[in-house]
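Student: Sharing a model prediction with you, sequence too.
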Amino acid sequence: MKLRVYVDTSVIGGCLDAEFEVPSRQLFGKFRTSEAIMVVSDLTLLELEEAPEAVRAVLEGVPQENREDVELTTEAAELAERYISAGVVIATKRVDAQHIAIAVLTVWTYWLVGTLDTSSTWSGFVGTTL
């Protein structure tokens, strides 16, 4: 199984930030060479609409076959609200909570598909109180 990595705008922008440039460019090198799959959400794509061209170009440098687009689902939105309700993320950082929820559910679902019967496990996970 290839490594799947959820990236948000800050990870993409890290390629242009002196502090994070080296590891960020190494990661994007893995995406370009098919060593890993870049997982990008609709939230990230929306945020990138306002980003400088140089930041958008980083994303465009990854071949589509090495990228997986995901959406903010109802389950992810509900999980994000649970993070906020539990005080894990403050309410003013709702979009951050949504990014975290998408990443967690994307990785969790991928793991489940490969290892478990998802019908019972998934409903138990989503119903878990944080």
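Tutor: Structure received. Since this is a predicted model, take the numbers as computed values, not measurements.
Student: what's the domain layout of the chain?
Tutor: 1-71, 72-130 (automatic domain parsing).
Student: can you redo these as CSV with mean pLDDT and mean neighbour count?
Tutor: For the C-beta atoms, the positions are set from N, CA and C on the backbone; glycine is no exception. Below are the domains of the chain laid out as CSV (pLDDT from 0 to 100; neighbours: other Cβ atoms under 10 Å):
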stretch, mean pLDDT, mean neighbour count
domain 1-71, 94, 15
domain 72-130, 74, 15
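Student: Quote the end-to-end distance of stretch 49-69.
Tutor: 16 Å (Cα to Cα, to the nearest Å).
Student: how near is A57 to L16?
Tutor: Here the criterion is Cβ to Cβ, to the nearest Å. By it, A57 lies 9 Å from L16.
Student: likewise V39?
Tutor: 20 Å.
Student: likewise E71?
Tutor: Applying Cβ to Cβ to E71 and L16 gives a distance of 26 Å.
Student: T92 too?
Tutor: In terms of Cβ to Cβ, T92 sits 26 Å off from L16.
Student: same deal with N66?
Tutor: Counting by Cβ to Cβ - N66 and L16 are separated by 20 Å.
Student: Next: Y83.
Tutor: 29 Å.
Student: and what of L43?
Tutor: The value you get for L43 to L16, if Cβ to Cβ is used, is 20 Å.
Student: Equivalent analysis for L72, please.
Tutor: In terms of Cβ to Cβ, L72 sits 26 Å off from L16.
Student: Equivalent analysis for V104, please.
Tutor: Relative to L16, and taking Cβ to Cβ, V104 is found at 27 Å.
Student: for R25, same thing?
Tutor: 9 Å.
Student: Next: E81.
Tutor: Distance from E81 to L16, by Cβ to Cβ: 32 Å.
Student: all helices for this protein, in order.
Tutor: 9-13, 21-32, 42-48, 53-60, 74-85, 94-115, 118-126 (DSSP state H).
Student: okay, the angle between the second one and helix 53-60?
Tutor: Spelled out, that is helix 21-32. Relative orientation of helix 21-32 versus helix 53-60 (axes from the mean of the first three to the mean of the last three Cα atoms, to 10 degrees): 40 degrees.
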